[in-house]
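J.: predicted coordinates and the sequence they were generated for:
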Amino acid sequence: MQKSIVSREYKLFLSGLREARRRAGFTQGELAKRLGQTQSFISKCERGERRIDVIELRAFCKALGVDFVSFVTRVHKRLGGTL
C-alpha cells in the first residue's frame, strides 16, 4: 500500500471533503471558524499538505453538518469498496 500523502486514494478523499464543504455552503474561512482553526489550516488540509486523522475528520464532519459514517461510506465507495 502506498503511503504517500498524494496517493490516488487520498486525492479522492480530499475531493470528497471539499465537495462536502461546498455542498454545506461554507467557505474555507467559515469552516475554519467553526473548527477554531485558520483558513490556511483548512486550505492545507484540502490541498493535502496536511494529513487529516480520523478524529479531525469527525470534527470536520460535525462542523459541516455531515454524518461522519455517511461521509466515510461515500469515500469507501469512491475508492471501489463494497459493504
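T.: Alright, I've got the coordinates. Numbers count the residues shown, from 1 in each chain.
J.: correct me, but Pro14 touches Arg51?
T.: Wrong residue type there; residue 14 is Leu, not Pro. No - when contacts are counted by CB atoms under 8 Å, Leu14 is not listed as touching Arg51 (9.9 Å). Heads up, the C-betas are built off the backbone N, CA and C, glycines and all.
J.: so for those two, which residue has more residues nearby?
T.: Leu14 (19 against 11; other CB atoms under 10 Å).
J.: next structured bit after whatever helix or strand the more buried one lives in?
T.: Using DSSP states H and E, the element containing Leu14 is helix 8-23. Note on helix 8-23: by DSSP H and E, the next helix or strand toward the C-terminus is helix 28-35.
J.: so which strand or helix has Gly80?
T.: Using DSSP H and E, Gly80 falls within no helix or strand.
J.: spatially central residue in this structure, please.
T.: Leu17 (3.2 Å; CA atoms, centre = their mean).
J.: that one reaches Cys45, doesn't it?
T.: Yes - here Leu17 reaches Cys45: they are 7.4 Å apart, a contact under CB under 8 Å.
J.: point out where the protein drops to low pLDDT.
T.: Residues of the chain meeting the criterion pLDDT under 70: 1-5, 82-83.
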